[in-house]
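J.: sequence first, predicted coordinates after that:
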Amino acid sequence: MHSQRRQDGDRRPRLTPAVADVRRAVRETLAALSPDSLVLVALSGGPDSLALAAATAFEAPRAGLRAGAVIVDHQLQDGSRAVADRAAEQARALGLDPVEVVRVDVAPSSAGGGPEAAARDARYAALDAAARRLTASAVLLGHTVDDQAETVLLGLARGSGAVSLSGMAVVNGVYRRPFLGLRRASTVQACRDQGLEPWSDPHNLDPAYTRVRVRDRVLPLLEAELDPGVVEALARTAELVRDDADALDRMVVEVAEELVDLDDGGCSVPAAWLVANPRALGSRLVRLVARVEFGLTLSREQTVEVLRLATDWHGQGAVHLRGVRVRRAGTRIVFTAAE
């Protein structure tokens, strides 16, 4: 009898520091969700998402929640079907239900960001659809603080604005990122401690991808030459920038209700307000109008051209965007759908 109990104990995964850390992070995220709702794990089979799946399978029932998984097969690599099916098997073995494999066709990215952006667009579209179909209250993503640091560093290298430098949000609509306070090493160790066998994506080793070079070369160099805590510092930078950006966005949403005049052909904003206020606010108002009224995401260059109709007005013609025409009419900047 004692021998049998000892054998059972040997098979039971130990509650190691890494396992405790990932479970605690998931527990804190699930605490904000309504009881008896469904939460989905976006599972690739890699160490981050597999550790997330295991922690969610453990914590969700204790929080009164149901937990499932969605595996997106991008069909971009040989053997991707087998990888996706293996991830689904692991999810079911952990006790997640429902478990779905969604196969997608990756089209060129509408944002022009190359194959990585195209795959990301297809993945999020599939996750959005699955969340709606299954009426999930949240979709959990396995991004870690290392991913956050890589995102911020890439944004800095590209000369991006606050939206890019603020990195990934802990909460963004239906999406939750429990691991943004954890290093990738913790998820790898948590898988090892629980006897889980994650899949190693060959793309994560291919230096042809910019993010791989940042991960394997640039960040280790910065840690060696500047500070071992540079990854956490970059993540803190993202949090600080996001706080400022969110505050400015809220301000602009509030003033937009008073400033934007709507009519059948489009809308308009007062040129004087754009002149009198900092460009950070004017740019946000222009981008807000374009996004909300026309579903259009403006680049920095496009935003600056629209602002010049107010701040550098010398009789120039309209600015033509994709499906939108913006012109100066008296004291107002007028946005109309292009014919």
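T.: Alright, I've got the coordinates.
J.: so where do the strands sit in the stretch 1-150 of the chain?
T.: Ranges of strands in the stretch 1-150 of the chain, per DSSP state E, counting those that start in this stretch, are 38-42, 66-73, 99-103, 138-140.
J.: with distance to residue 173 as extra columns, can I get those in TSV?
T.: C-beta coordinates here come from the backbone N, C-alpha and C atoms, glycine included. Formatted as TSV, those follow (distance: least, Cβ to Cβ, whole Å):
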stretch	distance to residue 173
strand 38-42	13
strand 66-73	16
strand 99-103	19
strand 138-140	9
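J.: same list (those) but as CSV, adding distance to residue 330 and mean pLDDT.
T.: Listed next are the strands of the stretch 1-150 of the chain as CSV, based on distance: least, Cβ to Cβ, whole Å; pLDDT from 0 to 100:
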stretch, distance to residue 330, mean pLDDT
strand 38-42, 50, 98
strand 66-73, 50, 96
strand 99-103, 51, 94
strand 138-140, 47, 98
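J.: now do the same end-to-end measure for stretch 103-116.
T.: With Cα to Cα, to the nearest Å applied, stretch 103-116 spans 17 Å between its terminal residues.
J.: centroid residue for the chain?
T.: residue 168 (5.0 Å; Cα atoms, centre = their mean).
J.: and it, which of the three is it?
T.: coil (DSSP: H, G, I helix; E, B strand; the rest coil).
J.: hang on, isn't it packed against residue 142?
T.: No. Look at residue 168 against residue 142 with Cβ atoms under 8 Å: they stay out of range, at 11.3 Å.
J.: what residues does the host helix or strand of residue 303 touch?
T.: In this assignment (DSSP states H and E), residue 303 forms part of helix 300-311. Identification of contacts with helix 300-311 by Cβ atoms under 8 Å, 6 or more residues apart in numbering yields 161, 271-272, 274-275, 279, 282-283, 286-287, 298, 316, 319, 321, 326-328, 333.
J.: quick one: the helices in the stretch 51-200 of the chain?
T.: For the stretch 51-200 of the chain, the helices defined by DSSP state H, counting those that start in this stretch cover 80-94, 114-133, 145-157, 162-165, 184-193.
J.: relative to strand 66-73, how tilted is the second one?
T.: So that's helix 114-133. Calculated by axes from the mean of the first three to the mean of the last three Cα atoms, to 10 degrees, helix 114-133 forms an angle of 150 degrees with strand 66-73.
J.: now for helix 114-133, which elements pack on it?
T.: Helix 114-133 sits against strand 38-42, strand 66-73, strand 99-103, strand 138-140, with contacts defined as 3 or more Cβ pairs under 8 Å, 6 or more residues apart in numbering; DSSP states H and E.
J.: for the third one, which outside residues touch it?
T.: For strand 99-103, contacts defined as Cβ under 8 Å, 6+ apart pick out 68-73, 75, 81, 84-85, 87-88, 91-92, 126, 129-130, 134.
J.: and the shortest one, by the same measure?
T.: For strand 138-140, the external contacting residues (Cβ under 8 Å, 6+ apart) are 26, 29, 33, 37, 39-42, 52, 56, 70, 127, 130-131, 174-178.
J.: same thing but 10 Å
T.: If you take Cβ atoms under 10 Å, 6 or more residues apart in numbering as the criterion, strand 138-140 is touched by 26, 29-30, 32-34, 37-43, 49, 52-53, 55-56, 60, 65, 67, 69-70, 124, 127-128, 130-131, 171-179.
J.: can you list the domains in this structure?
T.: Following automatic domain parsing, the chain resolves into domains at 2-237, 260-337.
J.: any chance of those domains in CSV, plus distance to residue 244?
T.: Formatted as CSV, these follow (distance: least, Cβ to Cβ, whole Å):
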stretch, distance to residue 244
domain 2-237, 7
domain 260-337, 9
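J.: sorry, back to before: show me how to select, in ChimeraX, the buried members of the contacts of strand 99-103.
T.: Here is the ChimeraX command that selects the buried residues among the contacts of strand 99-103 (16 or more other Cβ atoms under 10 Å):
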select :68,69,70,71,72,73,84,87,88,91,126,130
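J.: dump the helices of the stretch 51-200 of the chain to TSV, plus distance to residue 20.
T.: TSV is the format used below for those (distance: least, Cβ to Cβ, whole Å):
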stretch	distance to residue 20
helix 80-94	17
helix 114-133	28
helix 145-157	17
helix 162-165	32
helix 184-193	9
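J.: lowest average confidence across these, which one?
T.: Ranked by mean pLDDT, those bottom out at helix 162-165, with a mean of 80.
J.: in stretch 259-274, what counts as buried?
T.: Neighbour-count burial for stretch 259-274 flags 259-260, 266-271, 273-274 (criterion: 16+ other Cβ under 10 Å).
J.: now, the residues you listed that are in strands?
T.: Under the assignment DSSP state E, the buried residues of stretch 259-274 contribute 266-270 to strands.
J.: can I get those in a markdown table including distance to residue 212?
T.: Compiled in a markdown table, these are given as follows (distance: Cβ to Cβ, whole Å):
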| residue | distance to residue 212 |
| --- | --- |
| 266 | 44 |
| 267 | 43 |
| 268 | 46 |
| 269 | 43 |
| 270 | 47 |
